[in-house]
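>>> sequence-free structure coming up:
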C-alpha cells in the first residue's frame, strides 16, 4: 500500500481527533461562561482547532489568543514600564464590555481604565495577587479524557486494519 492509501484509511481516526478538539473547545467555552471570564466573547472566539497531520503523525491542538495566558491564573505585575500602553486599551474595552460601569461617562471610563491599568502594572490582577486558579481549560485536558481518546483510537485502528485485511482478500 502507498502512503496516500494508508492515510485515507486513517480518515476515521482524523474524525475522532477533530471531534475531540471541537468538544474541548465547547467545554472551555462553557467553563469561561460559567466563570464569567468572557466579557466580550473575544477570547472564546479566538479558540481554534489547529489539528494537523504529517505522514503517520496526527497532532491534536486547540489554541487561543494571548489572553488565554491569563484566563486561569491572572496577570502578574509588569516587570518593565508596561510597554506602549496596550493594556490600558484592553482594560478600557473590558469596562465597556462588562457593562457594570454603565453610568460612567467616557472621561470617567478613561480615568477608571488608567487606575485599573496602573494597579495591574503594580500588583497584577486579583487572581494573580491572591494566587487563585480558575479551572477554565486545564480541567478539560485530563488523564481520563486522554485515555478515553487513546482507547477510541485503538478501537478505530483495529476496525481499520480489519477492513484493510478483508478488502485485501476480495
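Thanks, I have the structure now. Keep in mind that this is a model prediction, so the values were computed, not measured.

>>> ok, and the helix or strand in the chain with the lowest average confidence?
helix 3-9 (a mean of 53; mean pLDDT, DSSP states H and E).

>>> And the very next helix or strand once past that helix, how far out from the chain middle?
Going down the chain from helix 3-9, the next helix or strand is helix 11-35, by DSSP states H and E. Relative to the chain's own centre, helix 11-35 is displaced by 10 Å; criterion: Cα atoms, centre = their mean, to the nearest Å.

>>> Mind giving me the packing neighbours of helix 11-35?
helix 42-45, strand 48-49, strand 57-59, strand 62-63, helix 143-168 (3 or more Cβ pairs under 8 Å, 6 or more residues apart in numbering; DSSP states H and E). No exception for glycine: its C-beta is placed from N, CA and C like everyone else's.

>>> In the third one, which of the residues would be classed as buried?
Counting neighbours by 16 or more other Cβ atoms under 10 Å, one finds that the buried residues in strand 57-59 are residue 58.

>>> Can you tell me what sits against that strand?
Defining contact as Cβ atoms under 8 Å, 6 or more residues apart in numbering, one finds that strand 57-59 is touched by 10, 13, 14, 17, 51, 52, 53.

>>> out of these, who's nearest residue 61?
When the contacts of strand 57-59 are ranked by distance to residue 61 (Cβ to Cβ), residue 51 comes first, at 6.0 Å.

>>> got the domain boundaries for this protein?
Domain ranges of the chain: 1-72+134-170, 80-132, per automatic domain parsing.

>>> correct me, but residue 44 touches residue 29?
Yes. Between residue 44 and residue 29 there is a contact under Cβ atoms under 8 Å: 5.1 Å.

>>> These two: who's more crowded?
residue 44 (20 against 17; other Cβ atoms under 10 Å).

>>> Which neighbours do residue 44 and residue 29 have in common?
Taking Cβ under 8 Å, 6+ apart as the contact rule, residue 44 and residue 29 both touch residue 38.

>>> Would you quantify the distance from residue 45 to residue 33?
Using Cβ to Cβ, to the nearest Å, residue 45 is found at 13 Å from residue 33.

>>> what about residue 13, how many neighbours?
19.

>>> need the contact list for the residue nearest to it when sequence neighbours are not counted.
Distance criterion Cβ to Cβ, 6 or more residues apart in numbering; nearest residue to residue 13, sequence neighbours excluded, is residue 156 at 5.2 Å. The neighbours of residue 156, taking Cβ under 8 Å, 6+ apart as the test, are 12, 13, 16.

>>> Reformat these as CSV; add distance to residue 100 and pLDDT.
Shown next, in CSV, are those (distance: Cβ to Cβ, whole Å; pLDDT from 0 to 100):
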residue, distance to residue 100, pLDDT
12, 48, 81
13, 46, 82
16, 42, 89
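
>>> Great, nothing more from me.
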